[in-house]
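A.B. asks: any chance you could fold what I've pasted below:
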Amino acid sequence: LRYRTDSRWTIQTSFNAFGKIVAAIDEAADIDLDPDGYYTDLKNYRQTEYPQPFLGNLGRRTGATLSGYDDFTLIAPRFETSFTMTTNYFDREAIHSGDFTDTLLMTGYLDAEDDYERVMYAAYLGSNAAQRIIENNLNPNGPKVLVIGDSYLAPIVTFLACAAGEVHYLWQYENPVVEDLEAYLSAEKFDVVLIGISSNMMREGGFGFLAGLM
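C.D. replies: Numbers count the residues shown, from 1 in each chain. Below you'll find the model as predicted:
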């Protein structure tokens, strides 16, 4: 389920979690994110294997000599895609449009020559940002989803974007763009809200951005 050299799930596990989340939403909320089971079927995705090049966050701390390396699998759609992603971080905004690979994947992370700079997990959406808004140009009327979470959620968000109409992905740990989460929820009128954060961060003593909502 996890890498040996990284604290996070493998991309294969993330894809499986994406499928479980979509199934749970469709059943509990009666929202059709994937009514035909197309976007959650791994047969509709291309898997590219990278044998033994991956050194995760734990491996970079302890050193590759001690930790060794992991295999890494990149999963991307075989089907046609078109997205527009707006990224906000501090006072900077960047907008990119294109297919899944051009917009949601940062393939430069896969090719770095230095083992300690080849942060392959960040190929999905890149490094952390305060806010990402991903619009699915081929499904503009699909469900609107808010995801509040850390880097564990990045691959799941990229897969979720294929099934949703629009996904907002918030990283509230530092420099939050959304200061009033309750107002944001009211204004954006999301169909689905997902929280993927350790539960102790939601209680007193954690980061506190869910205070009053939990």
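A.B. asks: the protein: helices as residue ranges?
C.D. replies: 11-28, 57-62, 64-67, 100-104, 108-111, 154-163, 181-188 (DSSP state H).
A.B. asks: kindly reformat those helices as CSV containing mean neighbour count, distance to Asn44 and mean pLDDT.
C.D. replies: C-beta here means a position set from N, CA and C on the backbone, and glycine is covered the same way. Shown next, in CSV, are the helices of the chain (neighbours: other CB atoms under 10 Å; distance: least, CB to CB, whole Å; pLDDT from 0 to 100):
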stretch, mean neighbour count, distance to Asn44, mean pLDDT
helix 11-28, 17, 11, 94
helix 57-62, 15, 30, 87
helix 64-67, 12, 34, 87
helix 100-104, 20, 12, 97
helix 108-111, 14, 22, 88
helix 154-163, 26, 9, 97
helix 181-188, 13, 29, 92
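A.B. asks: using a markdown table, lay out those together with distance to Val119.
C.D. replies: Output for the helices of the chain, formatted as a markdown table (distance: least, CB to CB, whole Å):
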| stretch | distance to Val119 |
| --- | --- |
| helix 11-28 | 14 |
| helix 57-62 | 8 |
| helix 64-67 | 13 |
| helix 100-104 | 16 |
| helix 108-111 | 5 |
| helix 154-163 | 12 |
| helix 181-188 | 29 |
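A.B. asks: residue contacts, the spatially closest residue to Tyr152 that is not a sequence neighbour?
C.D. replies: Closest residue in space to Tyr152, ignoring its immediate chain neighbours: Arg8 at 5.3 Å, by CB to CB, 6 or more residues apart in numbering. For Arg8, the contact set (CB atoms under 8 Å, 6 or more residues apart in numbering) comprises Arg2, Gly56, Asn57, Tyr121, Ser151, Tyr152.
A.B. asks: can you check Leu74 too?
C.D. replies: Leu74 sits next to Ile11, Gln47, Thr48, Tyr50, Leu105, Leu110, Ala123 when contact means CB under 8 Å, 6+ apart.
A.B. asks: could you redo the last one with a cut-off of 7 Å?
C.D. replies: Residues counted as contacts of Leu74 (CB atoms under 7 Å, 6 or more residues apart in numbering) are Ile11, Thr48, Ala123.
A.B. asks: of the residues you listed, closest to Phe190?
C.D. replies: Using CB to CB, Ile11 is the member of the contacts of Leu74 that sits closest to Phe190, with 25.8 Å.
A.B. asks: looks like the closest one contacts Asp71 (just checking).
C.D. replies: No - look at Ile11 against Asp71 with CB atoms under 7 Å: they stay out of range, at 10.4 Å.
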